[in-house]
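Visitor: Show me the folded form of this:
(4 chains)
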2 protein chains.
Amino acid sequence: MARKPNISNVTSAAHDQVYRRLRSRIMHGDILPGQALTLRGIGQEYGVSMTPAREAVRRLVAEGALSLSSSGRVSTPELSAERIEELAALRALIEVELASRALPRAHIALIERLQAINGEVAEAVAHRDAVRYIRTNLEFHRTLYLRAQAPAMLAMTETVWLQMGPTMRSLYGRLRRTEPPQYHRHIIAALRAGDEPGLRLAVRSDVTQGLRMLAR
Amino acid sequence: MARKPNISNVTSAAHDQVYRRLRSRIMHGDILPGQALTLRGIGQEYGVSMTPAREAVRRLVAEGALSLSSSGRVSTPELSAERIEELAALRALIEVELASRALPRAHIALIERLQAINGEVAEAVAHRDAVRYIRTNLEFHRTLYLRAQAPAMLAMTETVWLQMGPTMRSLYGRLRRTEPPQYHRHIIAALRAGDEPGLRLAVRSDVTQGLRMLAR
DNA sequence: TTGCGCGTTTTGTGATCACGAATTCCGAAT
DNA sequence: ATTCGGAATTCGTGATCACAAAACGCGCAA
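Guide: This is a model prediction of the structure:
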């Protein structure tokens, strides 16, 4: 079969579907760091041949979501402490800018939506559900940053999230905290008040907060 | 032929060579914005089949160096003014940080090397050689940032350079200036003086300078 | 001159195969 | 029990092919 039937014209290419599903799993921490993957395995898992699997993997490697050994084997990356510090610094730099750009456009409906999402984050923390925590936490940030109307910056930020995905899972997995994230409330308060310096500080604090868990 | 002879063990995969050569051409502005490419054409140009060409293209698309039409056709991107502003803002954010991290490690040998490279930049400007200007200018920045020991940040910056490559060429191509870049001298002076605020300002000015040409 | 069909060509996509290299596995020797 | 070596297996790579869809060209009609 050279091409799928494609009766519905909203379907997309097979390699793109494989890419998106793998990307989602990696970003949300479904896959542990150092986990090895094979092209044939991925193809079999998604019901395609090696070719689309290879293209999806190539794309994810380019984004830093997967790492390539010298012999071409792929696995989720095991980040060093220095690499984690760098990625956190990048998050701080870019996300503070995104939040700042979103601030003038943040009307009340957005703030209420953020509050609702934050409720889900708190629930995930209470249940110690690491995967759900990561997903809702990223949704909180993405919802805010979408208002910045800065697609290139948002894409770059998501690339950083993607790189940290597996590591965040194993980090938050051993987290025993049950209190909701305090800085999210600071972010919401600063948005309400139109307080730009406060917003920048709150976002920076929230983003670099996870770094402290590593330094233990 | 399934694999190349590979007598010398320092050779790398064909798709990687295609990727690197294409990436270099794009980053340095060898290809104009909107230029269409075909997989068979690329393969023929580099003496390989479609498969390695496809992988190289997939990788470059993931990095934003090439854009993909809805029908799968690839071409160098034509950036909107808003996109250019975003990319310049990203450069400002990340490169200022990289310069700041490089400052404590910048000894005299590095500064002299930067001065030498800056001489080449001035020469390229004097000869109105856009491609050479872009190449030497990026070499100036990369030489400084390598000292920051921050590979993730440097990679992200190079991704931004890559995205701007074709556009920078067509921008600098119609540049009629013959004076060397002033802010490079400011950067060097701040490095000598160990003046971090001055360095940050100089880098930010240098990076956002090109933006003004667009606003004409 | 300007649109509009329609057949031709070009192009991306996915499957499959051969090949070589890397990895794994298992038994024998110490 | 542990280590070492070679056979068996697994795996990535690149070439090739068939197919469908998109782009192109060209002639005809308004």
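
Visitor: can you give me the helices for chain A?
Guide: For chain A, the helices defined by DSSP state H cover A:14-27, A:39-46, A:50-62, A:81-102, A:108-126, A:130-146, A:151-173, A:182-193, A:196-214.

Visitor: Out of those helices, name the one with the poorest average pLDDT.
Guide: Lowest mean pLDDT of the helices of chain A: helix A:196-214, a mean of 87.

Visitor: Remind me what that helix packs against, helices and strands.
Guide: Other elements packing on helix A:196-214 under the criterion 3 or more Cβ pairs under 8 Å, 6 or more residues apart in numbering or on different chains; DSSP states H and E are helix A:81-102, helix A:151-173, helix A:182-193. Any C-beta I mention is one placed from the backbone N, CA and C, and that applies to glycine too.

Visitor: Tell me which residues are up against the first one.
Guide: Contacts with helix A:81-102, where a contact means Cβ atoms under 8 Å, 6 or more residues apart in numbering or on different chains, come from A:79, A:141, A:144-150, A:153-154, A:156-157, A:160-161, A:163-164, A:167, A:187, A:196, A:199-200, A:203-204, A:207-208, A:210-211, A:214, B:89-90, B:93-94, B:97, B:150-153, B:156.

Visitor: Buried ones only from these, please, as a ChimeraX command.
Guide: The buried residues among the contacts of helix A:81-102 can be selected in ChimeraX (16 or more other Cβ atoms under 10 Å in any protein chain shown) with this line:
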select /A:79,141,144,145,147,148,150,153,154,156,157,160,161,163,164,167,187,199,200,203,204,207,210,211 /B:89,90,93,94,97,150,152,153,156
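
Visitor: can you tell which of the helices of chain A is closest to B:Ala14?
Guide: Smallest distance to B:Ala14 across the helices of chain A (Cβ to Cβ): 13.3 Å, for helix A:50-62.

Visitor: Tell me which residues touch the one residue in chain A that gets nearest to DNA strand D, please.
Guide: Nearest residue of chain A to DNA strand D (Cβ to the nearest atom of the strand) works out as A:Gly72 at 2.5 Å. Neighbouring residues of A:Gly72 by Cβ under 8 Å, 6+ apart: B:Ala13.

Visitor: how near is it to A:Arg58?
Guide: When distance is defined by Cβ to Cβ, to the nearest Å, A:Gly72 is 11 Å away from A:Arg58.

Visitor: gap between stretch A:124-132 and the chain center?
Guide: Taking Cα atoms, centre = their mean, to the nearest Å, one finds stretch A:124-132 lying 16 Å from the centre of the chain it belongs to.

Visitor: How about the contacts made by the residue lying closest to A:Pro181 once chain neighbours are set aside?
Guide: Nearest non-adjacent residue to A:Pro181, counting by Cβ to Cβ, 6 or more residues apart in numbering or on different chains: A:Val121, 6.2 Å away. By Cβ under 8 Å, 6+ apart, the residues touching A:Val121 are A:Tyr133, A:Thr136, A:Asn137, A:Phe140, A:Pro180, A:Pro181, A:His184.

Visitor: The third one contacts A:Ile187, doesn't it?
Guide: No - proximity of A:Asn137 to A:Ile187 does not meet the contact threshold set by Cβ atoms under 8 Å, at 11.7 Å.

Visitor: Need the residues touching each of those two.
Guide: Shared contacts of A:Asn137 and A:Ile187 (Cβ under 8 Å, 6+ apart): none.

Visitor: does DNA strand D sit close to stretch A:57-65?
Guide: No - Stretch A:57-65 does not reach DNA strand D (Cβ under 7 Å from any atom of the strand); its nearest approach is 7.6 Å.

Visitor: Dump that stretch to CSV, keeping only the CA atoms.
Guide: Coordinates of each C-alpha in stretch A:57-65 appear next as CSV, following Å, rounded to 0.1, in the frame of the first residue of the first chain:
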residue,chain,number,x,y,z
VAL,A,57,12.2,10.1,15.0
ARG,A,58,14.4,12.3,12.9
ARG,A,59,12.2,15.2,13.6
LEU,A,60,12.1,14.6,17.3
VAL,A,61,15.9,14.2,17.4
ALA,A,62,16.2,17.6,15.7
GLU,A,63,14.1,19.1,18.5
GLY,A,64,16.1,17.5,21.2
ALA,A,65,13.2,15.3,22.3
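
Visitor: got the residues of chain A near DNA strand D?
Guide: With Cβ under 7 Å from any atom of the strand as the criterion, chain A comes near DNA strand D at residues A:2-3, A:6, A:37-41, A:50-51, A:54, A:71-74.

Visitor: Out of those residues, name the two that are farthest from one another.
Guide: Checking those with Cβ to Cβ, the most distant pair is A:Asn6 and A:Ser71, at 36.1 Å.

Visitor: how is chain A carved up into domains?
Guide: Recorded structural domains for chain A (assignment: automatic domain parsing) are A:14-75, A:81-214.

Visitor: now those domains in a markdown table, with distance to B:His127?
Guide: Shown next, in a markdown table, are these (distance: least, Cβ to Cβ, whole Å):
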| stretch | distance to B:His127 |
| --- | --- |
| domain A:14-75 | 35 |
| domain A:81-214 | 32 |
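
Visitor: list the contacts for whichever residue of chain A sits closest to chain B?
Guide: Closest approach between chain A and chain B, counting by Cβ to the nearest Cβ: A:Ala62, at 3.8 Å. Applying Cβ under 8 Å, 6+ apart, one finds that A:Ala62 lies in contact with B:Arg58, B:Arg59, B:Leu60, B:Ala62, B:Glu63.

Visitor: what about 6 Å?
Guide: B:Arg59, B:Ala62, B:Glu63 (Cβ atoms under 6 Å, 6 or more residues apart in numbering or on different chains).

Visitor: same deal with A:Arg54?
Guide: So A:Arg54 contacts A:Leu39 (Cβ under 6 Å, 6+ apart).

Visitor: redo that, cut-off 8 Å
Guide: A:Arg54 neighbours (Cβ under 8 Å, 6+ apart): A:Leu39, B:Glu55.

Visitor: Please tell me how far the residue nearest the centre of chain A sits from DNA strand C.
Guide: Central residue of chain A (Cα atoms, centre = their mean): A:Trp161, 3.7 Å from the mean position. According to Cβ to the nearest atom of the strand, to the nearest Å, A:Trp161 stands 25 Å off from DNA strand C.

Visitor: cool, A:Ser49 as well?
Guide: Note on A:Ser49: its distance to DNA strand C, by Cβ to the nearest atom of the strand, is 3 Å.

Visitor: same question, A:Met153
Guide: Distance, A:Met153 to DNA strand C, by Cβ to the nearest atom of the strand: 26 Å.

Visitor: Cool, thanks, talk later.
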